[in-house]
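J.: need coordinates for the following:
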Amino acid sequence: MGTSHWLAAVSDYWSLTKPEVNRLIVICSVAGFYLGCRCNSEGVPLLLLLQTLLGTLLVASGAATLNQYLGRHYDGRMRRTAQRPLPASRIAQGALSGFGILLAFAGTAYE
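T.: Numbering: from 1, shown residues only. From the prediction side, this is the model:
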């Protein structure tokens with residue numbers, strides 16, 4: 001597998017996780033963590049915050065990926081979504097669903 005092909009595959013898998021949406025999820029999670037935190041004189045427990053964000057991002061990425069798997073029949077028909085990795089046949093259905101399940105379970109196990 002050539003470097004450009006490998007980079008294209010990584011880019012496709014990255015796009016499955018919906019990083020734009022996950023950015024908003026991170027912002028809301030940080031705000032919720034801070035508001036719900038029983039902070040002491042030492043401030044916000046950064047390690048706990050990072051662990052929370054990692055688990056949340058894994059679950060959210062898995063959900064976004066599985067959502068694309070479930071909507072695969074419609075995505076190929078719409079101009080806006082036709083070039084997503086699954087409708088454009090750049091990723092196989094089994095690989096996509098396995099990736100989504102792996103992310104979701106990893107996030108759930110981590111949390």
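
J.: can you map out the strands along this protein?
T.: In the chain, no strands are defined using DSSP state E.

J.: lowest average confidence, helix or strand, in it?
T.: helix 72-75 (a mean of 84; mean pLDDT, DSSP states H and E).

J.: with adjacent residues omitted, what lies nearest to L58?
T.: Spatial nearest neighbour of L58, chain neighbours left out: G107 (2.9 Å); criterion: CB to CB, 6 or more residues apart in numbering. Using the backbone N, CA and C atoms, a C-beta is placed for each residue, glycine as well.

J.: if we can go back for a sec, list the buried ones in the least confident helix or strand of the chain?
T.: Buried positions in helix 72-75, judged by neighbour count with 16 or more other CB atoms under 10 Å: R72, D75.

J.: surely the residue nearest to L58 meets Q51?
T.: No: shown here, G107 and Q51 do not form a contact pair, counting by CB atoms under 8 Å, at 11.2 Å.
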